[in-house]
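Novice: Take this sequence and fold it.
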Amino acid sequence: MTIRRGQRGETASDAQAQATITVGFYRMASDPSRLSPLASGLSRSELLRCDREIVWHPFTQMAEYVPLVIERAEGCTLIDIDGRRYLDGVSSLWCNIHGHRHPRLDDAIHRQLDRVAHVTQLGASNPTTIELARRLVDLAPTGLGHVFFSDDGATAVEAALKMAFQYWRQRPDSKPEKRLYVALADAYHGDTLGSVSVGGVERFHAMFRPLLFEVLRAPAPDMYRLPAGVSAENACSHYLSAIERLLAERHAEIAALVIEPLVQAAAGMLMHPAGYLRGVRELTRRYDVLLIADEVAVGFGRTGTMFACEQEQVSPDLLCLAKGLTAGYLPMAATLATDEIWRAFLGTYAESRSFFHGHTYGGNPLGAAVALASLNVFDEERTLEKLGPKIDRLAEHLERLGRLPHVGSVRQRGLIAGIELVRDRETTEPFPWSERRGQRVCDRARAEGVLLRPLGNVIVVMPPLAIGLEELDQIAAAVERGIVAEMGATTTAAAQSGA
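Specialist: Residues are numbered from 1 along each chain as shown. Predicted coordinates for the structure are as follows:
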């Protein structure tokens, strides 16, 4: 059957019949039981070939890539073209919140499609996008009253960097000398050139160093590999002292400090000591430096609260959001700014004070619709209130996994966890990156129906917030068996006894 749009000369009944056929077609397509095995129209072999030879996957060595083609999903489960099922142990790269094909979220997109799919933000707007902006302002830490929409985490950070730079030039007592940024070692803020400049993951960013601008680097507050003479008890003050020395010496040149609150995700799920974020906020205020909080990975409940900044009562000057903003449905990002920053951009057209930055699909109504629906689901399903038992269950599993041979550290904040494999537990000596120990464990977990993606030697567990307790048990069991198999242990009992 050919589905076509209505033609001129059709009667109202003809158009109605055509609409009924069209709606029926889409309902059929959205019902997996009524789909052909490969709804794309390509054969299985063609899909695999094209995925290997045409699609260029990010952070993937295409010469070695083995295709995994996910055709559909339900809840926290992904289903590939052969019907194999996988628990989504990393929330489809840290973005899915309420599970896949949630009826409230699906319906929000369908209803928005009946109105309009896209409206530019350049001199125009849309009611759905406006409503989302208002909701974000109401939810965000105090003082963030303005929302700039873009496409993804990197663009949210890029916008924040440019806002900070322009702010110091346009505020009443202009300070154009404030042009530098402070960022942490091993930071990750995205892959556009500005976000890469403030990033610090050497393996990702070394190639592009000649293209990057100057950044002042502070040590990452790593609680696993502490500097000589530093203990867990005095680590926070040690790392804050390093920040203060830098700000005291260079504050007149510094526009902003950029931080991932509580957790440095791509660094290997490094967990910051309690009080560190609060201390950084106090120092930036003391030395007249803006604070940019990158909550792209940790926002929307991941750490146990809606925003990570809440846990230390911190209100940044600029807040970057993406990933979980649309619950993992559509690309959308937001940069929230204070009234003070907003006012620095106001003036007449002739003064040219506007923020000359934007993205074609910024504020897209479809993304805004599903983001609003996601916030409603947080309330309706009491998502945050129900996290406690899940966080506790994950902690129980991590405590057990931490006793396995070659597990050097287990780290957790909310439903974010990192399990670091090391060659030597006593010295914390890592396995060489080239041995791909983390990937090998994840490959074994995948064979058991759990999809994970490591960060080098760190196995990352970051499931959707909708994950069930039994599903968490399944993820942990697959990780445990993978570690035992790859590290050469014979039994979990032997590992628990300290073998």
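Novice: Please report the distance of the closest residue to Gly367 other than its chain neighbours from Ala164.
Specialist: In this structure, Gly367 finds its nearest non-sequential neighbour in Met332, 3.5 Å apart by Cβ to Cβ, 6 or more residues apart in numbering. Glycine gets a C-beta too; all of them are placed from N, C-alpha and C. Distance of Met332 to Ala164, computed by Cβ to Cβ, to the nearest Å: 22 Å.
Novice: State the pLDDT value of the residue nearest to Gly367.
Specialist: pLDDT for Met332: 98.
Novice: Just give me the neighbour total for it.
Specialist: Applying other Cβ atoms under 10 Å, we find 26 residues neighbouring Met332.
Novice: Roughly how far does it sit from Gly145?
Specialist: Noted for Met332: a distance of 20 Å to Gly145, by Cβ to Cβ.
Novice: next one: Glu435
Specialist: 50 Å.
Novice: what sits against Arg85?
Specialist: Residues in contact with Arg85 (Cβ atoms under 8 Å, 6 or more residues apart in numbering) are 77-79, 449.
Novice: rerun at 6 Å
Specialist: By Cβ atoms under 6 Å, 6 or more residues apart in numbering, the residues touching Arg85 are 77, 79, 449.
Novice: top strand in this protein by residue count?
Specialist: The longest strand of the chain (DSSP state E) is strand 416-424.
Novice: so what strands line up beside the helix or strand just after that one?
Specialist: Using DSSP states H and E, the next helix or strand after strand 416-424 towards the C-terminus is strand 429-430. Strand 429-430 has its sheet partners listed here by DSSP bridges as strand 416-424 (antiparallel).
Novice: Run the chain-centre distance for the partner strand.
Specialist: 20 Å (Cα atoms, centre = their mean, to the nearest Å).
Novice: ok, and for that strand, which residues are buried?
Specialist: Of the residues in strand 416-424, 416-422 count as buried by neighbour count, 16 or more other Cβ atoms under 10 Å.
Novice: Would you check how far apart the closest residue to Cys442 other than its chain neighbours and Leu318 are?
Specialist: Closest residue in space to Cys442, ignoring its immediate chain neighbours: Leu452 at 4.4 Å, by Cβ to Cβ, 6+ apart. Distance, Leu452 to Leu318, by Cβ to Cβ: 32 Å.
Novice: Quick check: Ile79 is in a helix.
Specialist: No - Ile79: not assigned to a helix; according to DSSP: H, G, I helix; E, B strand; the rest coil it is strand.
Novice: Gly438 belongs to a strand?
Specialist: No - using three-state DSSP, the assignment for Gly438 is helix, not a strand.
Novice: Need the pLDDT of it.
Specialist: Value for Gly438, per-residue pLDDT: 96.
Novice: List the contacts of the closest residue to it other than its chain neighbours.
Specialist: Spatial nearest neighbour of Gly438, excluding adjacent residues (Cβ to Cβ, 6+ apart): Pro454 at 3.0 Å. Pro454 sits next to 438-439, 442 when contact means Cβ under 6 Å, 6+ apart.
Novice: And Pro454, how close does it get to Val479?
Specialist: Pro454 is 10 Å from Val479, by Cβ to Cβ.
Novice: Distance-wise, check the residue nearest to Gly367 relative to Tyr361.
Specialist: 8 Å.
Novice: ok, now Arg400?
Specialist: Taken as Cβ to Cβ, the span from Arg400 to Tyr361 is 45 Å.
Novice: With Leu216 instead?
Specialist: Going from Leu216 to Tyr361 by Cβ to Cβ gives 33 Å.
Novice: returning to what we had before: distance to Gly388 and pLDDT for the buried residues of strand 416-424 - can I get that in CSV?
Specialist: Putting these into CSV (distance: Cβ to Cβ, whole Å; pLDDT from 0 to 100) gives the following:
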residue, distance to Gly388, pLDDT
Ile416, 15, 98
Ala417, 16, 98
Gly418, 21, 98
Ile419, 22, 98
Glu420, 25, 98
Leu421, 29, 97
Val422, 31, 97
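Novice: In JSON lines: the residues you listed, plus distance to Tyr287.
Specialist: As requested, these are exported to JSON lines (distance: Cβ to Cβ, whole Å):
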{"residue": "Ile416", "distance to Tyr287": "30"}
{"residue": "Ala417", "distance to Tyr287": "34"}
{"residue": "Gly418", "distance to Tyr287": "32"}
{"residue": "Ile419", "distance to Tyr287": "37"}
{"residue": "Glu420", "distance to Tyr287": "34"}
{"residue": "Leu421", "distance to Tyr287": "39"}
{"residue": "Val422", "distance to Tyr287": "37"}
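Novice: Distance from the chain centre to stretch 318-336, please.
Specialist: Distance, stretch centre to chain centre, for stretch 318-336: 8 Å (Cα atoms, centre = their mean).
Novice: for stretch 73-84, same thing?
Specialist: With Cα atoms, centre = their mean, you get 22 Å for stretch 73-84.
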